[in-house]
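1. I'd like to go over a predicted model; first the sequence, then the structure.
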Amino acid sequence: MSTQADDIDIGEEYKEKYGFSDDIKYLHTTKPGINEGVVREISKIKNEPEWMLNFRLKGLKHFQERPMPKWGANLGQIDFDNITYYMSPSEKSETSWEDVPEGIRKTFDRLGIPEAEKKFLGGVGAQYESEVVYHSLRKDLEEKGVIFLGMDQALKEHPDIVKKWFAKIIPINDNKFSALNTAAWSGGSFIYIPPGVKVDVPLQSYFRINAKNVGQFERTLIIADKGSSVHYVEGCTAPIYSTDSLHSAVVELIAMEDATIRYTTIQNWSNNVYNLVTKRGFAYKNATISWIDGNLGSKLTMKYPGVYLMEEGAKGEVLSVAFAGKGQHQDAGAKMVHMAPNTTSIITSKSVSKDGGRTTYRGLLEVDKGCHGIKSNVVCDALILDETSATDTFPYMNVNEQDVSIGHEASVNKVSDDQLFYLMSRGIEQSEAMAMIVRGFMEPFIKALPMEYAIELNRLIELNMEGSVG
Amino acid sequence: MLKTIFTEEKIEKIRGSLKEDNHFFEKRKLSLDSFYSYPLPSNKSEEWRYTDISFLDFSKFDNDIKNPEIKMDGFHDLLKEKGVIFTTIIEAISKHPEIIKEYLFSKKDNYEDKFLALHKAMWNGGVFIYVPKNVEVDTIFKVKYNVLESSSLFNHTLIILEQGASLTYSEEHTSEKGDYEAFRCDSVEVYAKENSKLNFNNFQNWNDNITNVSYWSARVSRDAQVNWRFSQLGGKFSRIKIDTHLDGEGSNSTNKGLVYANKNQKFDITTNPHHHVRNTISDVLVKGAFDGESNSVYRGLILIDEEGKETQSYLSNHSLMLSENAVSNTIPSLKIETDDVRASHGATLGKIDKDHLFYLKTRGIDQKSGERLLITAFLKETIDDMKDVELKEKIILEIEKKTEK
């Protein structure tokens, strides 16, 4: 489909905008590799209670015993012994940007985080390597009793709530990488929204990897109490290195009766990051959990956000877009488990692959016995932009009940010549026409984002689309 | 345990009874070795994730080598004169050893699992059909298998259509009632050469004493067409995997099938169209009605290779849930290595529409009859275009009968 334009490295602008690195002096750095010594060291640095150390050790044991998953993408190249599992750049999490060490502050300035905070966010967390370096929440939200802290800080200040819910949604032995996270976790966000409180501005966390061969293992827990609502947004970037880094987060959401949680991710790791993330939420009576999941970066992403619909009237939604360019594999999807009657779920997945990239949709829809009145709809669309790229769709449907209404559709297409021709006949250049079509294809996702992010995402798509047609 | 059941002596015995030459015997021995080298499938392997085979106990079957009752119909002298062959594979082995040697298990895909390896080691019956160049078979070739007693049966169906040949083939499987259990491990192998056309119809209505694990495959050459139709009603457990390889440009395939499960029946159906070259077409439609405590799995993977541009592939699967204790697993998948294709799949699961039942009731049709009509109408779509009308009517009748159970 294209000529010399293919040679243009779409990473160029990424390098300039996100791909830079800082020369930072770290306060603590564990030796590469993971073992009991390293886990004990992390726990000691953090001055944690005994139960958390035991938790970590259980996680480590399971990680070591559990074989690598045989399904899915190729994980064989991850060199676990060459990864540094803990690196802390600062002593504590600050509440004013002024107090954040200068080198790090500059990074977040360059990424535009403090500016975004001023404009439209209700609260911001910023994590650099293993630790949260900045955290703040708007005064009025704080007064309403909203808690938004780094996970480590939350463990110190609210040990009872953390202990009650930690690893309850995603147990230690859920999978190999959630076990690794349990052993090595550091940072992440803790959010509690009191009953009836509606947080109408998004809360955001930004995750930054700076060093080479580093692992980031943040752990996020969001609890929305009865009748409350919250929109949480996370973003992430990293410098471009020739060796691989590992990001393996665990995110747990709890939406109590009538609560709403919307969790948006704009994943834009550099192309040397393995992104292996476990995300799951429990939605109780009439509660809604939505995962808005955008995967643009990373070398390999394996991520299947899930909603367990625990009680009647619960609703789950996953809206996922993936963009796989050169050398990238986006293995993303969704998991909906209907455990109560009259629950509904919607999965919409859109993926674009180009320049030899591969997108995979992998999903599970499960209806347990006794759950009548289930409604579920799954739509997966894939767009392939050139002949070297590939796509897969693996939707699993496991239904143990009669009174259900379930629909699934998937389609794979290329951008049609007619569409391109039409736009070009209106004087639009081919590359712009292509970008327009892709944007149109991804529209449902972009619509679900806060406006500022939608603009940013449009720009990112343009960036990734550059040089796609010649 | 197994080692005392499937032994080299047994293969020796088959060699004796089939009077086959060493070529076959050596291949059997190799397959027996690979049978033992595969572990018994468990839910750890993707293909068997939702299928529990641990109930399978080979010692329950009489393991003496036997053949089921087989009846063949549709052959006539004129066809014989034109060079058409329609015979048991046992007869073909001594009469046409060269053709059998050339084609038997010669597929390029090398797919094998424990059961196919067992079949390759033990095959000892079945049908062989050969249609020469440009011969259009004007009758329907019919084969009826009837299982009589406790046994392990390994039937092989080998169908070769030369250039421009055409054939409609129907096979019907039944079993005698009785207090016995039997195991079937069959394989169907189709070679459709350039511009040929095969309609393959299968109907299975065993009693609930049969366990079946079968593998079918077709290689479809340029401009050729293979149309699979399967109707699975009976058995205790029935697994069929159908691979259709579209090898030549302009080749196309349809694969339509129905499954109707009740009580404790288990079904495991896989239909995979594999588009190896450009400009190939496939259409898959599988419908299932699930009653009682039945447990079923359907998988359908559309595979499009790098060379498979301008391919059109559609797959749809619809499940009708008739009981709250029935389980249905559906996994329609896509694996696409190139652009410029049109590939899609759709799946639905639902129950009988109350409005439809109500409508029928207002027309004086009672609940039970209404359900029967709706189930039959739902499943029937997959065999509407079946060329063997006699078989089609029989299947519809059997579906209706089954709704009474």
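-> The structure has been received and is ready for your questions.
2. So for residue A:116, what's the nearest residue that isn't a sequence neighbour?
-> Once flanking residues are discounted, residue A:116 sits nearest to residue A:452: 6.8 Å by C-beta to C-beta, 6 or more residues apart in numbering or on different chains. Placement of C-beta: from N, CA and C, glycine included.
3. Surely residue A:437 forms part of a strand?
-> No: the assignment for residue A:437, made by DSSP: H, G, I helix; E, B strand; the rest coil, is helix rather than a strand.
4. Look at it and say how many residues are nearby.
-> The number of residues packed around residue A:437, counting by other C-beta atoms under 10 Å in any protein chain shown, is 20.
5. Likewise for residue A:78?
-> By other C-beta under 10 Å, 18 other residues sit near residue A:78.
6. I'd guessed it sits against residue A:274; true?
-> Yes: contact status for residue A:78 versus residue A:274: in contact at 5.8 Å, counting by C-beta atoms under 8 Å.
7. Now list whatever residues contact both of these two.
-> Residues touching both residue A:78 and residue A:274 (C-beta atoms under 8 Å, 6 or more residues apart in numbering or on different chains): A:244, A:246.
8. secondary structure class for the residue nearest to residue A:116?
-> From three-state DSSP, the assignment for residue A:452 is helix.
9. Return the distance of the residue nearest to residue A:289 when sequence neighbours are not counted relative to residue A:221.
-> Of all residues not flanking residue A:289 in the chain, residue A:281 sits nearest, at 4.2 Å (C-beta to C-beta, 6+ apart). Residue A:281 is 11 Å from residue A:221, where distance means C-beta to C-beta, to the nearest Å.
10. okay, and the common contacts of the two?
-> With C-beta under 8 Å, 6+ apart as the test, residue A:281 and residue A:221 both reach A:252-254.
11. quick one: low-confidence ranges for the stretch 301-405 of chain B?
-> For the stretch 301-405 of chain B, not a single residue meets the criterion pLDDT under 70.
12. for it, what spans make up the strands?
-> Along the stretch 301-405 of chain B, the segments classed as strands by DSSP state E, counting those that start in this stretch run B:312-321, B:327-336, B:342-350.
13. Hmm, residue B:324 and residue A:369 touching each other?
-> Yes: judged on C-beta under 8 Å, residue A:369 makes contact with residue B:324 at a distance of 7.3 Å.
14. out of those two, which sits in the more crowded spot?
-> Taking neighbours as other C-beta under 10 Å, residue A:369 and residue B:324 compare with residue B:324 leading, 16 against 11.
15. how much space between that one and residue A:107?
-> Plainly put, residue B:324 is 57 Å away from residue A:107 if you go by C-beta to C-beta.
16. quick one: average pLDDT of the helix or strand hosting residue B:34?
-> Applying DSSP states H and E as the criterion places residue B:34 in helix B:22-37. What helix B:22-37 shows for mean pLDDT is 92.
17. Please save the CA atoms from that helix in PDB.
-> C-alpha atoms of helix B:22-37 as PDB (Å, rounded to 0.1, in the frame of the first residue of the first chain):
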ATOM      1  CA  ASN B  22       3.700 -53.700   4.900                       C
ATOM      2  CA  HIS B  23       3.400 -50.000   3.900                       C
ATOM      3  CA  PHE B  24       0.200 -49.700   6.000                       C
ATOM      4  CA  PHE B  25       1.400 -51.800   8.800                       C
ATOM      5  CA  GLU B  26       4.600 -49.700   9.400                       C
ATOM      6  CA  LYS B  27       2.500 -46.600   9.400                       C
ATOM      7  CA  ARG B  28       0.100 -48.100  11.900                       C
ATOM      8  CA  LYS B  29       3.000 -48.900  14.200                       C
ATOM      9  CA  LEU B  30       4.300 -45.300  14.100                       C
ATOM     10  CA  SER B  31       0.800 -44.000  14.800                       C
ATOM     11  CA  LEU B  32       0.400 -46.300  17.800                       C
ATOM     12  CA  ASP B  33       3.700 -45.000  19.200                       C
ATOM     13  CA  SER B  34       2.500 -41.400  18.800                       C
ATOM     14  CA  PHE B  35      -0.800 -42.300  20.300                       C
ATOM     15  CA  TYR B  36       1.000 -43.400  23.500                       C
ATOM     16  CA  SER B  37       3.200 -40.400  23.400                       C
END
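18. The spatially closest residue to residue B:404 that is not a sequence neighbour: neighbouring residues, count only.
-> Among residues not flanking residue B:404 along the chain, residue B:372 sits closest, at 7.6 Å (C-beta to C-beta, 6+ apart). For residue B:372, the neighbour count with other C-beta under 10 Å is 18.
19. What's opposite residue A:332 in the beta bridge?
-> residue A:303, residue A:361 (DSSP bridges).
20. If I follow the layout properly, it ends up in contact with residue A:296?
-> No: in this structure residue A:332 lies outside contact range of residue A:296 using C-beta under 8 Å: 11.1 Å.
21. Can you pull the residues that touch both of these two?
-> residue A:322.
22. quick one: which of the two has more around it?
-> Counting neighbours by other C-beta under 10 Å for residue A:332 and for residue A:296 shows that residue A:332 has the greater number, 28 against 23.
23. Contact partners for the more buried one?
-> If you count contacts by C-beta under 8 Å, 6+ apart, then residue A:332 has A:293, A:295, A:301-304, A:320, A:322, A:349, A:351, A:359-362 around it.
24. switch to 10 Å and redo it
-> A:267, A:275, A:277, A:293-295, A:301-305, A:318, A:320-322, A:324, A:349, A:351, A:359-363 (C-beta atoms under 10 Å, 6 or more residues apart in numbering or on different chains).
25. Show only the entries of these found in strands.
-> Those of the contacts of residue A:332 mapping onto strands are A:267, A:275, A:277, A:293-295, A:301-303, A:318, A:320-322, A:324, A:349, A:351, A:359-363, per DSSP state E.
26. is the spatially most central residue of chain A in a bridge, and if so with what?
-> Closest to where the C-alpha atoms of chain A average out (C-alpha atoms, centre = their mean) is residue A:265, at 4.7 Å. Beta-bridge pairing for residue A:265 (DSSP bridges): residue A:234, residue A:293.
27. pretty sure it is touching residue A:292, no?
-> Yes: taking contacts as C-beta atoms under 10 Å, residue A:265 lies within contact range of residue A:292: 7.1 Å.
28. if I look at the two, which residues touch both of them?
-> Contacts common to residue A:265 and residue A:292, judged by C-beta under 10 Å, 6+ apart, are A:233, A:305, A:320.
29. Buried among these? Make that a PyMOL selection.
-> A single PyMOL command selects the buried members of the shared contacts of residue A:265 and residue A:292 (16 or more other C-beta atoms under 10 Å in any protein chain shown):
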select buried, chain A and resi 233+305+320
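30. Pick the one among the shared contacts of residue A:265 and residue A:292 closest to residue A:436.
-> residue A:320 (21.5 Å; C-beta to C-beta).
31. Quick check: buried residues in stretch A:27-39?
-> A:28-30, A:32, A:34, A:38-39.
32. Take those and keep only those in helices.
-> Per DSSP state H, helices hold the following members of the buried residues of stretch A:27-39: A:38-39.
33. of the buried residues of stretch A:27-39, closest to residue B:20?
-> Out of those, the member with the shortest distance to residue B:20 (by C-beta to C-beta) is residue A:34, at 58.9 Å.
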